[in-house]
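[1] Quick one, structure for this:
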Amino acid sequence: MPSLDARSVASLLREYAQRTALRGGNPYRAKAYSRAADSLAALAVPLDVLVAEDRLTEIPGVGDAIADIITKVHKTGSHPSLEKLRKEIPAGVLELLAVPGLRPEKVLRLYKDLGIGSLSELEAAAKDDRIKKAKGLGAALQTKILQNLAIAKSGEGRLHLHRAAALLAHAKESIRKSRPELKHVTIAGDFRRGCELVGDLAIVAEAAKPDKTSTPSADGLQIRVSDRKHFGAALLFATGSAGHIEQLQALAAEKGMRLVADGLHKGRTLTAGAEAEIYRALGLPFIDPELREGRGEIEAALGGKLPKLVTDQDLRGILHCHTDASDGTETLETMAKATRQRGFEYFGVADHSKSAHYAGGLSVEEIAQQHREADRLNKRFGKDFRILKGIESDILADGSLDYAEDVLERFDFVVASIHGRFKLDRKAQTQRLLRAISDPHTTIIGHMTGRQLQRRPGYEIDVEKVLRACAKHDVVVEINAHPWRLDLDWRWHQAALDFGCMLSINPDAHSIPELDHMHWGVLMARKGGVPAHRVLNAMKLPEITRYFRQKRRSLARAA
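    Alright, predicted model coming up:
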């Protein structure tokens, strides 16, 4: 039989991962297979070349053991271990693993005890109350399944932003090495648009002559090769979105032109081929890729109202970070130094508060100890860098913060966040947040909806009402940059701006590498149309210390 291509091998390796997870044992083995499958799906070099040249271990996440599996699957179309696993569980059961919160052992019980062998059967069983009556499963699991089935369906085949970034970076480097004749190798697709989940892995490259054989694949990595004359149009179409392109085509038609995949034409003449030239010929300024969603950006461009989007370079400091005083991995000193080395002017520590027992929340005595340490380090750092003293204070079920006023007054800033009681109804959850926002000690509302992408939906709140309250009480709205959160969702950023809110791009870092989550937060802010002057931590050190000082003075006056 002919050897399998990378996408086919990736599909079988992903099946191997799922069946391994259901078998039990070491959970990291199944995760390793799954990551390797993602890397194979984004392969930029033909798999048979890598196999023939013994280069499989160049693929991210592929070591010698997985390389052996890939080789056998590539050459034979299967693997003895996979065939053995297939005899244990029907294929449809694997679908259940896509439901967030549904662990392999629960999937097995659903199959063995209730005979559930597909997502449709799972949904029917949950709606018929069959799951909550089963021993070892129960009502809580049934509720979670009903909530998360939509996530399983909507997130299918999509990657978190940071994972897509790693795969695309590797693909780009592979193309440069394997096809040095290609120039301007550029990442496109929904990653270029800054989408929080990426399903469209796309790259555009320039060649001396267009590659007639280069057509986008149905799935996996898509590589488009164009000549210089048509490169910009190829990049524009490969970036999308479909809605944005359709609106550009409608505008072109109004002007007597025709926008197609190889450029902007007037009659038989190519009017513009470069991306910026196409916009200019249509009477538009260049529209940043993050805004290209067909959500009013063309009207804003025609009216001269496009925002100047925030950039990584605009950010002057980092707020909302954790240390080993609570659930972080590094000391205050180590985290502060790493922040300084990245060129920032301040580090805002915000460890968990006392109610977060699961995260080692700080007692009042531990707060005093951390503040003494911050003072000591600030003397050493001098005037050019400063540790700002914050806390991530739990919002309790009634909306109060979990320290007394005299403790809260000791901080430069307070991030108020919900970490429990997610199942309160919409009205109660909204009132809970509104009370926390009205507390004069609250500086920032952290991860407002509590969502975790492809893991759990956010809790039910009236986002508009909460944003209006933030504007009224001068409370900053967090854009949590952790790639599993990216909360507040970018679709609400414009409303926050319209209501008058300031926003803060925070990494929620628990380790040194997580400080670099800031970039994902910037992407979300850009996608939401946020300019630098509306971002709290785009303030320079003197400005933000003055901002926090004025906040404390208003507290004192109110008291």
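[2] which stretches of the stretch 1-150 of the chain have low pLDDT?
    For the stretch 1-150 of the chain, the stretches with pLDDT under 70 are 1.
[3] Run through this protein and note the low-pLDDT ranges.
    In the chain (pLDDT under 70), the answer is 1, 154-157, 210-219, 556-559.
[4] Checking the spatially most central residue of it next. Helix, strand or coil?
    Residue closest to the average C-alpha location in the chain (CA atoms, centre = their mean): P483, at 3.4 Å. Under DSSP: H, G, I helix; E, B strand; the rest coil, P483 falls in the coil class.
[5] Can you tell me how far it is from S34?
    Between P483 and S34 the computed distance is 17 Å (CB to CB, to the nearest Å). Just so you know, the C-beta spots here come from the backbone N, C-alpha and C atoms, and that holds for glycine as well.
[6] With L221 instead?
    According to CB to CB, L221 stands 17 Å off from S34.
[7] more neighbours, these two?
    The neighbour comparison of L221 against S34 (other CB atoms under 10 Å) goes to L221, with 23 against 20.
[8] measure the more buried one to V204 for me?
    12 Å.
[9] ok, now Q247?
    Here Q247 is placed at a distance of 21 Å from V204 (CB to CB).
[10] Which residue of these two possesses the greater neighbour count?
    Taking other CB under 10 Å, Q247 and V204 do not tie; V204 has more neighbours (27 against 18).
[11] can you pull the contacts of the closest residue to E196 other than its chain neighbours?
    Spatial nearest neighbour of E196, excluding adjacent residues (CB to CB, 6 or more residues apart in numbering): L486 at 4.8 Å. When contacts are counted by CB atoms under 8 Å, 6 or more residues apart in numbering, L486 touches 161, 196, 453, 479-480, 520-521, 524.
[12] Give me the neighbour count for E543.
    13.
[13] A44 too?
    A44: 23 neighbours (other CB under 10 Å).
[14] Then Y547?
    Counted with other CB under 10 Å, Y547 comes out at 17.
[15] That one against A538, yeah?
    No: between Y547 and A538 there is no contact under CB atoms under 8 Å: 11.5 Å.
[16] I'd guessed the residue nearest to the centre of the chain sits against W520; true?
    Yes: counting by CB under 8 Å, P483 does reach W520; the two are 5.1 Å apart.
[17] returning to that earlier point: quick check: nearest residue in space to the residue nearest to the centre of the chain, chain neighbours excluded?
    Residue nearest to P483 in three dimensions, not counting chain neighbours: H162, with 4.3 Å by CB to CB, 6+ apart.
[18] Could you look up the SS state of that neighbour?
    Recorded secondary structure, H162: helix (three-state DSSP).
[19] which residues does it contact?
    483, 517, 520.
[20] now do L309
    Contact analysis of L309 by CB under 8 Å, 6+ apart lists 288, 290-291, 525-526, 529-531.
[21] can you list these in a markdown table and add neighbour count, secondary structure and distance to A368?
    Listed next are the contacts of L309 as a markdown table, based on neighbours: other CB atoms under 10 Å; DSSP: H, G, I helix; E, B strand; the rest coil; distance: CB to CB, whole Å:
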| residue | neighbour count | secondary structure | distance to A368 |
| --- | --- | --- | --- |
| D288 | 18 | coil | 46 |
| E290 | 21 | helix | 43 |
| L291 | 23 | helix | 47 |
| A525 | 30 | helix | 35 |
| R526 | 23 | helix | 40 |
| G529 | 22 | coil | 42 |
| V530 | 25 | coil | 36 |
| P531 | 15 | strand | 39 |
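[22] Make a markdown table from these and add distance to A416 to it.
    Formatted as a markdown table, those follow (distance: CB to CB, whole Å):
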| residue | distance to A416 |
| --- | --- |
| D288 | 32 |
| E290 | 28 |
| L291 | 31 |
| A525 | 20 |
| R526 | 26 |
| G529 | 25 |
| V530 | 21 |
| P531 | 25 |
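[23] Looking at those residues, spot the one nearest D375.
    Ranked by distance to D375 (CB to CB), the contacts of L309 are led by A525 at 32.1 Å.
[24] Return the distance of that closest one relative to L315.
    According to CB to CB, A525 stands 10 Å off from L315.
[25] swap in S226?
    35 Å.
[26] One more: G446?
    17 Å.
[27] returning to that earlier point: okay, and the common contacts of A525 and L315?
    Residues touching both A525 and L315 (CB under 8 Å, 6+ apart): 505, 535.
[28] If you count neighbours, what's buried in stretch 3-19?
    By 16 or more other CB atoms under 10 Å, the buried positions in stretch 3-19 come out as 4-19.
[29] correction: stretch 341-354
    344-354.
[30] Mind picking the two most distant members of those?
    With distances taken as CB to CB, the most widely separated pair in those is E345 and K354, at 29.7 Å.
[31] Quick check: longest strand in this protein by residues?
    When the chain is parsed with DSSP state E, its longest strand is strand 386-394.
[32] Can you pull out the residues in contact with stretch 239-259?
    For stretch 239-259, using CB under 8 Å, 6+ apart, the contacting residues are 188-190, 192-193, 200, 202, 233, 236-237, 264-266, 271, 278, 281-284, 287, 289, 292-295, 297-298.
[33] Show residues contacting the helix or strand hosting A496.
    Using DSSP states H and E, A496 sits within helix 493-499. With CB under 8 Å, 6+ apart as the contact definition, helix 493-499 has outside contacts at 463-464, 467-468, 470-471, 477, 479, 488, 503, 524-525, 527-530, 534.
[34] Can you flag which of those residues belong to strands?
    477, 479, 503.
[35] The second one contacts M524, correct?
    Yes: A contact is recorded between I479 and M524 when judged using CB under 8 Å, the distance being 5.5 Å.
[36] any common contacting residues for these two?
    Both I479 and M524 are contacted by 486, 493, 505, under the criterion CB under 8 Å, 6+ apart.
[37] if we can go back for a sec, show me which positions of the helix holding A496 end up buried.
    Buried, per 16+ other CB under 10 Å, within helix 493-499: 493, 496-497.
[38] which ones are touching the residue nearest to G360 when sequence neighbours are not counted?
    Spatially, and ignoring its direct neighbours in sequence, G360 is nearest to S326 (4.4 Å; CB to CB, 6+ apart). Counting by CB under 8 Å, 6+ apart, S326 touches 351-352, 356, 359-362.
[39] mind redoing it with 7 Å?
    Contact partners of S326, counting by CB atoms under 7 Å, 6 or more residues apart in numbering, are 351-352, 359-362.
[40] Helix, strand or coil: sort out it for me.
    Counting by three-state DSSP, the backbone at S326 sits in coil.
[41] Which among the contacts of stretch 239-259 count as buried?
    188-190, 192-193, 200, 202, 233, 236-237, 264-265, 271, 278, 281-282, 284, 287, 289, 292-295, 297-298.
[42] how far does stretch 269-284 stretch from start to finish?
    Using CA to CA, to the nearest Å, the end-to-end distance of stretch 269-284 comes to 20 Å.
[43] Give me the buried stretch members for stretch 52-64, please.
    Residues of stretch 52-64 classed as buried: 56, 59-62 (neighbour count, 16+ other CB under 10 Å).
[44] of all the residues you listed, which comes closest to L424?
    L424 has its nearest neighbour among the buried residues of stretch 52-64 in G61, at 39.9 Å by CB to CB.
[45] In terms of helix, strand or coil, where does the closest one fall?
    For G61, the secondary-structure state derived from three-state DSSP is coil.
[46] R35 is in contact with that one, correct?
    Yes: G61 lies in contact with R35 (CB atoms under 7 Å); the separation is 4.1 Å.
[47] circling back to that earlier point, take the shared contacts of I479 and M524 and lay them out in TSV including distance to K305.
    What follows is the shared contacts of I479 and M524, written out as TSV (distance: CB to CB, whole Å):
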residue	distance to K305
L486	25
H493	15
I505	23
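[48] residue contacts, the residue lying closest to S353 once chain neighbours are set aside?
    Nearest residue to S353, sequence neighbours excluded (CB to CB, 6+ apart): S393, at 4.5 Å. S393 makes contacts with 353, 401-403, 414-416, as judged by CB under 7 Å, 6+ apart.
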